[in-house]
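[1] based on what follows, work out the 3D shape:
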Amino acid sequence: MEKQMDLDNANFLLENLIGRMERDGDAKRWKLEGSISSMEMDVLQTILETLAAAPIESPSSTATEAIPEKAEVVVDTKEQAEDETPIPESADKVDDQKIKLDTTALSFDSPQNPDVTLCLDFGTAMSKAAASRGIEDEFLELKLGEQAKQDGIAYPVFSSVFISDSGMVYFGQESVKQSMIANIAKTVRFDSLKQEITLGRTDASLDKQLVNDKFNPSNLKITKACLITIYLAYLTDLACSSLEEQHGVSRYVKRRYALPVFQESHSRWVKQQLELLLSRAQILADTFHDQWHEGIELSKINDAYQQLLKLDKLPDYLIGDSVLEPIAAASSRIQRDEGAARELVMIVDVGAGTTDFALFLVSQDAEKEVFKAFLIPDTVKGVRQAGDAIDNALRIAILENSHIDSKSSQFDLINSNLQRYIRSYKETLFDTGTLHYTIADDSEGNINLNDFLNREQVKKFESLLEATFLKILQSVDSSYLDYFQNLPIKVVLTGGGATLPMIQGLGNGLVKFDSYSISRQMATLVPDWVIDNYPYFEDEYPQLAVALGGACSELPEQGPSFAKFYGVGGKTDQWQVEKFQ
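    Numbering: from 1, shown residues only. Got it, this is the predicted structure:
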């Protein structure tokens, strides 16, 4: 060859070549159907030349490795991400520790500033935090985005981690920037940290599940628990630093954490994992305080995490109860809503990974200071699709529009590149009505919003949301429906996806079933109390609703509630419902 092929391109094409091979008969041999292209032949020659020129080095006896030589690694046949093994630190590495843990949090036995409540909203796409002080709930402004030095984003931070080829770990917006300049054919940004908990395996602790090599290009094997904990430490440090610097509040205040809706068995596992990881996160937050923006060496993170595993106790006194996301959204909205009303209110909280519903019976009168919200039994429902479903539909639309299928030699490269840009592409499409895109092979195309909204995948998502809304109403006792059938159900939309057209559609039209025809009335996107008292939250309120509600000193009643509506009162086996005012 006149010029040796670039090794990165060679690596990508070699992966494609291997991908076309199939096992032959006894599974001990491989076969390749069809001919080998000239580019693939160049790849093989490049690799041979590189190997011939490379000096032979003996393995380093001092290389850092998280798994001891004798540890057994069990590999899932479906994906290497599911390797299972505890990752203990071998005894001979104690003297080589690069990090000294900051265990200041262990100096206390109870939360400081007991009148302050912090809520962490660990999101699939963006994470948020909010805090309130006193029984009147004075909300404290926590600008996590500014604390993280994000460009033009004041409150939320990106829920992303990126591990570079050099072993540096980047967080939030910086992880997005670093991933854009990295080798897109090799390393993928980890954007699904929360989904490892919400949609991941529950048959093993996260401490026994290894991070897939596609997210971790280093030779240092780390667990999902380690990676999620260090992100939670990043979120915790931003929130705690904002409390300290902006409001003179201790870092060690009690905090709630928001959860999507799960089945009970899954919910127990998630709570167990998150409470443990959040306790560990406070120590890592203190240890790596203010070091996040420039990136942190993976070896230092692993070293600190291994030390964490050896601690006799954790600051678990800081971790309060979980709060369901639709309950938290309701707390920030219907307990502080405007006017006087007795009505049914459907909360629809739309994140990136889940869409959560909950139906409340609300009685409120601001003048009389009456705010009562009772969760109607069995109406909290979760849909495992949300904004990410739209991202995925747009990615597929672009691939189809550009005639790129999975058999294309450049599919992996183009698809990987699209995944990095898809959220910004979605924002452009919905903001302007048209998307002009460029994919990794430099070809261009256009997507029209109306055409996109009529795609089958988008229509299925829209139908799923409508079906869930209907299912909830059908599950409600007829005593509620008979009383409220001539009154509209108020629909409150919150979350980062609240303004999507298919979500907005949930706030209008009739819901018909049996003999009922119930109208829906869209609530204002931002309640009056935010506009009047906290105007700086106005633009971000839909995304902050869960965090703000979770930080309230009092949350809406979650039960026991009454299955039947008695008009002015009623009771269950455990309590007497007060008369509505």
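
[2] burial of P377, as a residue count?
    If you count neighbours by other Cβ atoms under 10 Å, P377 ends up with 17. (Glycine included, C-beta is placed from N, CA and C.)

[3] name the SS class of it, please.
    Taken by DSSP: H, G, I helix; E, B strand; the rest coil, the conformation at P377 corresponds to coil.

[4] then N302?
    Put simply, N302 is helix when judged by three-state DSSP.

[5] check G445 too.
    Put simply, G445 is strand when judged by three-state DSSP.

[6] and for C240?
    State at C240, reduced to three classes by three-state DSSP: helix.

[7] kindly provide the distance from it to L308.
    17 Å (Cβ to Cβ, to the nearest Å).

[8] where do the helices sit along the stretch 301-450 of the chain?
    325-333, 387-401, 411-432, 449-453 (DSSP state H, counting those that start in this stretch).

[9] any weak-confidence spans in the stretch 1-150 of the chain?
    In the predicted model, the stretch 1-150 of the chain carries pLDDT under 70 at residues 1-97.

[10] what number of neighbouring residues does H293 come out with?
    By other Cβ under 10 Å, 15 other residues sit near H293.

[11] so what pLDDT did it get?
    H293 is assigned 91 on the pLDDT scale.

[12] from E174, how far out is it?
    H293 is 6 Å from E174, by Cβ to Cβ.

[13] which residues do the two both contact?
    By Cβ atoms under 8 Å, 6 or more residues apart in numbering, H293 and E174 have these common neighbours: A148, K149.

[14] okay, the helices of the stretch 301-450 of the chain in CSV with mean neighbour count next?
    Output for the helices of the stretch 301-450 of the chain, formatted as CSV (neighbours: other Cβ atoms under 10 Å):
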stretch, mean neighbour count
helix 325-333, 30
helix 387-401, 19
helix 411-432, 17
helix 449-453, 15
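
[15] just send these back as a markdown table, with distance to A154 and mean pLDDT too.
    Output for the helices of the stretch 301-450 of the chain, formatted as a markdown table (distance: least, Cβ to Cβ, whole Å; pLDDT from 0 to 100):
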| stretch | distance to A154 | mean pLDDT |
| --- | --- | --- |
| helix 325-333 | 18 | 82 |
| helix 387-401 | 20 | 86 |
| helix 411-432 | 17 | 81 |
| helix 449-453 | 28 | 90 |
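
[16] can you redo those helices as a markdown table with distance to Y483?
    Conversion of the helices of the stretch 301-450 of the chain to a markdown table gives the following (distance: least, Cβ to Cβ, whole Å):
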| stretch | distance to Y483 |
| --- | --- |
| helix 325-333 | 20 |
| helix 387-401 | 35 |
| helix 411-432 | 38 |
| helix 449-453 | 36 |
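
[17] between the ones you listed, which one is nearest to V491?
    Across the helices of the stretch 301-450 of the chain, V491 has its closest neighbour in helix 325-333 (11.2 Å, Cβ to Cβ).

[18] G497: which of the helices of the stretch 301-450 of the chain is closest?
    Ranking those by proximity to G497 (Cβ to Cβ) places helix 387-401 first, at 4.2 Å.

[19] counting by contacts, list what that closest one packs against.
    Other elements packing on helix 387-401 under the criterion 3 or more Cβ pairs under 8 Å, 6 or more residues apart in numbering; DSSP states H and E are helix 411-432, strand 444-448, helix 449-453, helix 456-475.

[20] for E297, which of these is the nearest?
    Using Cβ to Cβ, the helices and strands packed on helix 387-401 put helix 411-432 closest to E297, at 23.3 Å.

[21] run through who's touching that closest one.
    Outside helix 411-432, the residues that touch it by Cβ under 8 Å, 6+ apart are 12, 15-16, 125, 176, 179-180, 184-185, 188-189, 191, 387, 390-391, 394-395, 398-399, 402, 404-405, 408, 435, 437, 439-441, 447, 449, 452, 499-501.

[22] same deal with stretch 164-181?
    148-151, 153, 157-158, 160-163, 182-183, 186-189, 217-218, 220, 230-231, 234, 292-293, 295-299, 301, 420.

[23] mean confidence for it?
    88.

[24] pull up the distance across that stretch, start to finish.
    By Cα to Cα, to the nearest Å, the extent of stretch 164-181 from end to end equals 10 Å.

[25] filter the contacts of stretch 164-181 down to the ones in strands?
    Taking DSSP state E as the definition of strands, the contacts of stretch 164-181 contribute V157, F158, V161, F162, I163, I296, E297.

[26] just among the residues you listed, which is most surrounded?
    I163 (28 neighbours).

[27] beta partners of that residue?
    Beta bridges link I163 to V169 when assigned by DSSP bridges.

[28] my read is that it contacts P217, right?
    Yes - with contact defined as Cβ atoms under 8 Å, I163 counts as touching P217 (6.5 Å).

[29] what's the overlap in contacts for these two?
    Common neighbours of I163 and P217 (Cβ under 8 Å, 6+ apart) are T187.

[30] tell me who's in contact with the nearest residue to L235 once chain neighbours are set aside.
    Nearest residue to L235, sequence neighbours excluded (Cβ to Cβ, 6 or more residues apart in numbering): S127, at 5.1 Å. S127 sits next to L120, D121, L144, P156, V157, F158, S159, L235 when contact means Cβ under 8 Å, 6+ apart.

[31] give me the beta-bridge partners of S127?
    With DSSP bridges as the criterion, S127 is bridged to V157.

[32] go on, the one 5 residues further on?
    According to DSSP bridges, the residues that bridge with S132 are T117, F139.

[33] list the contacts for it?
    Here S132 is in contact with V116, T117, E138, F139, L140, L548, A551, C552, S553 (Cβ under 8 Å, 6+ apart).

[34] swap in A397?
    Contacts for A397 were tallied using Cβ under 8 Å, 6+ apart; they are I447, F452, R455.

[35] in JSON lines: those, plus distance to I489.
    As requested, the contacts of A397 are exported to JSON lines (distance: Cβ to Cβ, whole Å):
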{"residue": "I447", "distance to I489": "34"}
{"residue": "F452", "distance to I489": "29"}
{"residue": "R455", "distance to I489": "29"}
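
[36] please give the element, helix or strand, for the most centrally placed residue in the chain.
    Central residue of the chain (Cα atoms, centre = their mean): T124, 1.5 Å from the mean position. If you go by DSSP states H and E, T124 is not part of any helix or strand.

[37] that one contacts A352, correct?
    Yes - assessed by Cβ under 8 Å, T124 is found in contact with A352 at 3.8 Å.

[38] how deep is S402 tucked in, by neighbour count?
    By the criterion of other Cβ under 10 Å, S402 has 18 neighbours.

[39] repeat for Q112
    If we define neighbours as other Cβ under 10 Å, then Q112 has 13 of them.

[40] ok, the nearest residue to it once chain neighbours are set aside - contacts?
    Leaving out its chain neighbours, the residue that sits closest to Q112 by Cβ to Cβ, 6+ apart is S250, at 3.6 Å. When contacts are counted by Cβ under 8 Å, 6+ apart, S250 touches Q112, N113, L243, E244.
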